[in-house]
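Enquirer: Here is my input, please return the structure:
(one chain, ligands or ions: 2)
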Amino acid sequence: MSEPKKLFIKTYGCQMNVYDSERMAEALGGKGYVETKSAEDADMILMNTCHIREKAAEKVYSELGRFKGLKEKNPDLKIGVAGCVAQAEGEEIMRRQPMVDLVVGPQSYHRLPAMDDALQKGEKALDTDFPEDDKFETLKSRPKAKRGPTAFLTVQEGCDKFCAFCVVPYTRGAEVSRPSERIIREANELVEAGVKEITLLGQNVNAYHGHEGGLAGLIWALDKVDGLERIRFTTSHPNDMDDALIEAHGTCDKLMPYLHLPVQSGSDRILKAMNRKHTRDEYFKLIDRIRSARPDLLLSGDFIVGFPGETEADFEDTLDLIRTVHYGQAYSFKYSTRPGTPAAEKTQLPDDVASDRLQRLQTLLGDQQRATQESMVGKTVKVLFEKAGREAGQMIGKSEYLHAVFAPATDVAIGDVRSVRITKSERNSLGGELI
Ligand code: 5AD
Ligand code: SF4
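Expert: Numbering: from 1, shown residues only. Ligands and ions are numbered 1, 2, ... in the order given. Prediction:
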């Protein structure tokens with residue numbers, strides 16, 4: 001038998017890319033590739049890229065520069081660019097970096113084995129179509145290999161919302177939901193491989209419509225999967241939080257009390273300019289309803305500062321919204337111009353104004369995150385243990401609220417869910433003891 005070829009995948013960006021990278025490795029596994037953790041001994045390097053902000057996209061080109069030396073040493077090395085930069089820039093990548101052999105957009109991963117055939121013949125391969133066939137169905141089913149206790153599972157891709165700043169509707173295309181039978185089959189395979197917690201992924205996951213009753217319907221179907229203990233989902237748009245999904249947060253024991261619900265801005269004027277299609281008041285009312293269903297739910301969000309036209313008063317409205325809602329954790333970004341999006345046509349704010357606002361916003365969000373963590377001290381949470389900790393005898397896992405929790409746990413196995421009393425709050429984690 002010939003030596004297996006080695007595949008090195010570098011993943012950037014969101015959790016969906018993490019999931020896609022796994023599926024690409026599985027697809028190329030059928031062509032005799034095994035994954036390696038080092039680019040130096042790879043026969044193929046695949047970069048799974050992110051185009052959401054300018055910096056993320058630029059990273060691709062600087063990283064490609066780094067791989068150039070490897071290609072000079074080993075001319076048989078194949079270099080591929082996958083993901084959203086591949087989709088957005090296509091042939092431009094091969095023009096800028098002629099050493100790139102393969103460019104594949106996120107909807108074409110099932111064509112990778114055929115593309116590899118072309119590469120082996122010394123040809124280049126490019127595919128950035130939005131094909132009719134469902135890539136996940138064409139990709140072979142997941143191998144039975146033992147896995148860690150948590151996994152991502154993509155249920156929905158693409159987005160029809162067209163927020164004025166966002167490239168996703170262009171790079172990932174229109175919203176498509178996977179049929180629920182396939183998702184349930186995949187969930188069962190994951191559970192058989194040792195998975196206890198599944199995070200359902202979608203760019204606009206709560207718009208999922210591949211099951212009766214939408215995402216809530218799918219969650220209730222997954223609730224019946226024996227051995228699956230925890231369900232999460234991300235990322236959601238406020239306008240797609242329907243009654244059934246809100247209610248599930250109060251009634252489905254497997255659905256964890258954590259919700260990532262980006263609002264982006266607290267100013268009605270900016271929300272309108274962003275084409276978010278709801279007001280700050282509507283968001284407040286929604287949060288009230290979600291918290292009535294599940295009072296202890298930990299809320300997370302995304303914020304953009306420095307959107308074109310954002311005044312100091314608009315920004316103050318965002319700070320005010322954050323003070324009113326109180327987030328357990330959040331991500332925040334300076335607005336980044338994305339070519340081809342409506343907001344790119346508008347006059348941009350000076351960078352120092354945006355930087356100053358980002359700093360003020362992050363200070364407030366940091367205070368809220370710390371306060372939320374500190375409020376956990378003395379409480380008992382259920383931790384799904386995922387790996388050994390830094391100190392001997394210590395294990396690390398996640399609470400229901402997605403806090404990283406470490407505890408001395410000599411008699412605990414990876415994949416166990418155990419009660420832990422929180423005794424201390426550290427920078428990005430909580431410490432506790434088993435009870
Ligand atoms: N500039 C800055 N942040 C952006 N996001 C999306 N597009 C942009 C952009 N052009 C942020 C949003 C989104 C998250 C995934 O990335 O906050 O929710
Ligand atoms: Fe982008 Fe999310 Fe808006 Fe869709 S809902 S356009 S993915 S920010």
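Enquirer: Can you pull the residues of the chain lying near ligand 1?
Expert: Residues of the chain lying near ligand 1 by C-beta under 6 Å from any ligand atom: Ile52, Arg53, Phe165, Cys166, Pro262, Gln264, Asp302, Ile304, Phe333, Tyr335, Ser336, Arg338. C-beta: built from backbone N, CA, C; applies to glycine.
Enquirer: which ones among these are found in strands?
Expert: Counting by DSSP state E, the residues of the chain next to ligand 1 place Asp302, Ile304, Phe333 in strands.
Enquirer: out of the residues you listed, which are buried?
Expert: Among these, those buried by neighbour count (16 or more other C-beta atoms under 10 Å) are Ile304, Phe333.
Enquirer: JSON lines for the ones in strands among the residues of the chain next to ligand 1, including distance to Cys159 and pLDDT?
Expert: Shown next, in JSON lines, are those (distance: C-beta to C-beta, whole Å; pLDDT from 0 to 100):
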{"residue": "Asp302", "distance to Cys159": "14", "pLDDT": "98"}
{"residue": "Ile304", "distance to Cys159": "16", "pLDDT": "98"}
{"residue": "Phe333", "distance to Cys159": "17", "pLDDT": "97"}
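Enquirer: nearest to Lys78, of the ones in strands among the residues of the chain next to ligand 1?
Expert: Relative to Lys78, the closest of those is Phe333; by C-beta to C-beta it sits at 33.5 Å.
Enquirer: What's the separation between that closest one and ligand 2?
Expert: Distance of Phe333 to ligand 2, computed by C-beta to the nearest ligand atom, to the nearest Å: 11 Å.
Enquirer: same check, this time on Met241
Expert: Taking C-beta to the nearest ligand atom, one finds Met241 at 13 Å from ligand 2.
Enquirer: Retrieve the pLDDT associated with that residue.
Expert: pLDDT, Met241: 98.
Enquirer: is it true that it touches Ala207?
Expert: No. With contacts counted by C-beta atoms under 8 Å, Met241 stays clear of Ala207, the gap being 10.3 Å.
Enquirer: what does the stretch 151-300 of the chain have sitting close to ligand 2?
Expert: Counting by C-beta under 6 Å from any ligand atom, the residues of the stretch 151-300 of the chain close to ligand 2 are Cys159, Lys161, Phe162, Cys163, Cys166, Val168, Pro169, Gln203, Asn204, His237.
Enquirer: Buried members of the residues you listed into PyMOL, please.
Expert: To isolate the buried ones among those in PyMOL, judged by 16+ other C-beta under 10 Å, type:
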select buried, resi 159+161+163+166+168+169+203+204+237
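Enquirer: Out of the residues of the stretch 151-300 of the chain next to ligand 2, the closest to Tyr258 would be?
Expert: His237 (16.8 Å).
Enquirer: And the helices in this structure?
Expert: Remark: helices assigned in the chain by DSSP state H are 15-29, 54-73, 83-89, 91-96, 112-120, 135-138, 168-171, 180-192, 214-223, 243-251, 268-273, 280-293, 312-325, 351-376.
Enquirer: tell me what the third one is packed against?
Expert: Read it as helix 83-89. strand 44-49, helix 54-73, helix 168-171 (3 or more C-beta pairs under 8 Å, 6 or more residues apart in numbering; DSSP states H and E).
Enquirer: Pick the most buried one from the ones you listed.
Expert: Mean neighbour counts were taken over those using mean count of other C-beta atoms under 10 Å, and the top value, a mean of 25, falls to strand 44-49.
Enquirer: That strand to helix 54-73, inter-axis angle?
Expert: With axes from the mean of the first three to the mean of the last three C-alpha atoms, to 10 degrees applied, the angle from strand 44-49 to helix 54-73 works out at 170 degrees.
Enquirer: same question for strand 44-49, mean pLDDT?
Expert: Averaging pLDDT along strand 44-49 gives 97.
Enquirer: give me the residue from the stretch 301-435 of the chain nearest ligand 2.
Expert: Asp302 (7.9 Å; C-beta to the nearest ligand atom).
Enquirer: If we ignore the residues flanking it in sequence, what's nearest that residue?
Expert: Nearest non-adjacent residue to Asp302, counting by C-beta to C-beta, 6 or more residues apart in numbering: Pro262, 3.6 Å away.
Enquirer: For the residue nearest to Gln373 when sequence neighbours are not counted, list each beta-bridge partner.
Expert: Nearest non-adjacent residue to Gln373, counting by C-beta to C-beta, 6+ apart: Ser425, 4.1 Å away. As for beta bridges, Ser425 partners with Leu430 under DSSP bridges.
Enquirer: can you tell me the residue of the stretch 251-400 of the chain closest to ligand 1?
Expert: Closest point on the stretch 251-400 of the chain to ligand 1, by C-beta to the nearest ligand atom, is Asp302, at 3.3 Å.
Enquirer: Report the beta-bridge partners for that residue.
Expert: For Asp302, the beta-bridge partners under DSSP bridges are Tyr331.
Enquirer: so what's it up against?
Expert: Going by C-beta atoms under 8 Å, 6 or more residues apart in numbering, Asp302 touches Thr235, His260, Pro262, Val263, Gln264, Ala330, Tyr331, Ser332, Phe333.
Enquirer: contacting residues for the closest residue to the last one other than its chain neighbours?
Expert: What it means is Phe333. With C-beta to C-beta, 6+ apart as the criterion, Phe333 has its nearest non-adjacent residue at 5.5 Å, and that residue is Ile304. Residues in contact with Ile304, defined by C-beta under 8 Å, 6+ apart, are Phe165, Gln264, Ser265, Met274, Ser332, Phe333, Lys334, Tyr335.
Enquirer: And the residue of the stretch 301-435 of the chain closest to ligand 2, how close does it get to Thr171?
Expert: Going from Asp302 to Thr171 by C-beta to C-beta, to the nearest Å gives 17 Å.
Enquirer: Show me where the chain dips below the pLDDT cut-off.
Expert: Regions of the chain meeting the criterion pLDDT under 70 cover residues 1-2, 134, 140-144.
Enquirer: rerun at 90
Expert: Within the chain, the stretches with pLDDT under 90 are 1-3, 30, 55-59, 61, 65-66, 68, 129-147, 389-392, 409-411.
Enquirer: Cool, thanks, signing off.
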